[in-house]
Structure formats: C-alpha cells, structure tokens
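**Student:** A structural model of the following input is requested.
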Amino acid sequence: MGDDFDTLRRLGSLAAVSDEGVRWLADHVEAREFGRGDVLIRQGESTRECYFIVDGETEVRRDDAVLGFTGQGEPEGELGLFLGSPRAATTTARTPVSVLMLAPEHWDRLCAESPGLAEQIRVAVCQHLARRFGLPAFAGVSLD
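**Tutor:** Residues are numbered from 1 along each chain as shown. Model (predicted):
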C-alpha cells in the first residue's frame with residue numbers, strides 16, 4: 001500500500017470506509033496542488049471532480065456570501081460527483097492546498113462495476129458531512 005492509501009486512511013471524511021474502499025480510492029485519485037486564490041470549484045459549473053483536502057484551507061462562497069471554510073480531511077465537490085448536480089458554490093484556496101482528486105470517470109466505473117463499494121464510500125462521506133454540519137441527513141443519506 002502506498003502513500004495515497006495512508007493519506008486517505010487518515011482523513012476524517014473517510015474514517016468509516018473499509019480498507020477495500022480506501023484502497024480503491026488510493027488507486028484512482030490524483031495528487032493536485034492549488035495556489036492561494038486558485039479556484040477548485042466554480043458555482044454553476046457542471047464539473048464533477050471531487051477533491052479530498054490533504055493540506056491547506058479553502059473558502060466556500062455562494063454568490064457573495066461566505067458559507068464557510070474547509071481544510072484537511074474534508075471533501076469538496078462531493079455533491080457534483082455523487083448527484084451530478086451543478087456546483088452549488090465556489091471553492092477557492094485560502095492557502096496553498098494539496099488535494100487528492102477523484103475523477104468522475106473513475107467514480108462512474110466503480111458505480112457500474114462495484115455498486116456496493118461505491119455506496120459505502122458515498123454513505124460514509126455524506127454521514128461525515130451531516131455530522132459536521134449538525135444535520136440529520138446530507139444528500140439523502142441519514143445518520144440512522
């Protein structure tokens with residue numbers, strides 16, 4: 001197992017994912033770097049990449065309102081990936097940001113070839129976000 005497995009295994013958003021799921025992710029993510037001020041995700045676009053933040057901090061805005069900040073261990077772009085919906089907000093690097101990016105074609109292939117594993121990853125990420133935001137559910141996934 002390589003460095004990406006170890007890095008992903010430490011991320012809070014993937015804590016409930018099995019080693020098999022984390023191994024699959026490690027085999028399919030790509031390391032990316034963003035400089036301060038770079039846009040990772042732009043509101044309204046139909047892109048579907050999902051970013052797992054390894055280091056750094058981002059700002060999330062919808063229109064002119066700051067919705068919050070994200071950092072190490074958090075996913076960005078998960079709704080676009082899981083639901084195929086247009087980007088709900090813009091995510092910009094506040095500091096240099098290192099991510100592991102999951103491309104939609106890899107996710108789509110996992111959904112077709114191993115739907116149970118894809119569902120495990122989706123549920124774990126959505127439940128993590130529901131807890132983070134103090135919600136009973138996130139993207140149709142409840143904490144029950």
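**Student:** For the one helix or strand Ala118 maps to, which helices and strands make contact with it?
**Tutor:** Secondary structure from DSSP states H and E places Ala118 in helix 115-133. In terms of contacts (3 or more C-beta pairs under 8 Å, 6 or more residues apart in numbering; DSSP states H and E), helix 115-133 is packed against helix 19-28, strand 75-76, helix 78-83, helix 104-113, strand 137-138, strand 141-142. No exception for glycine: its C-beta is placed from N, CA and C like everyone else's.
**Student:** Contacts for the worst-scoring helix or strand of the chain on mean pLDDT, please.
**Tutor:** Ranked by mean pLDDT, DSSP states H and E, the helix or strand of the chain with the weakest confidence is strand 137-138, at a mean of 82. For strand 137-138, contacts defined as C-beta atoms under 8 Å, 6 or more residues apart in numbering pick out 126-127, 129-130, 143.
**Student:** farthest-separated two in those residues?
**Tutor:** By the measure C-beta to C-beta, Leu129 and Leu143 form the most distant pair in the contacts of strand 137-138, at 10.5 Å.
**Student:** between those two, who's got more neighbours?
**Tutor:** Leu129 (19 against 11; other C-beta atoms under 10 Å).
**Student:** before we move on, back to that, got the angle for the helix holding Ala118 vs helix 104-113?
**Tutor:** Helix 115-133 and helix 104-113 are oriented at 120 degrees to each other (axes from the mean of the first three to the mean of the last three C-alpha atoms, to 10 degrees).
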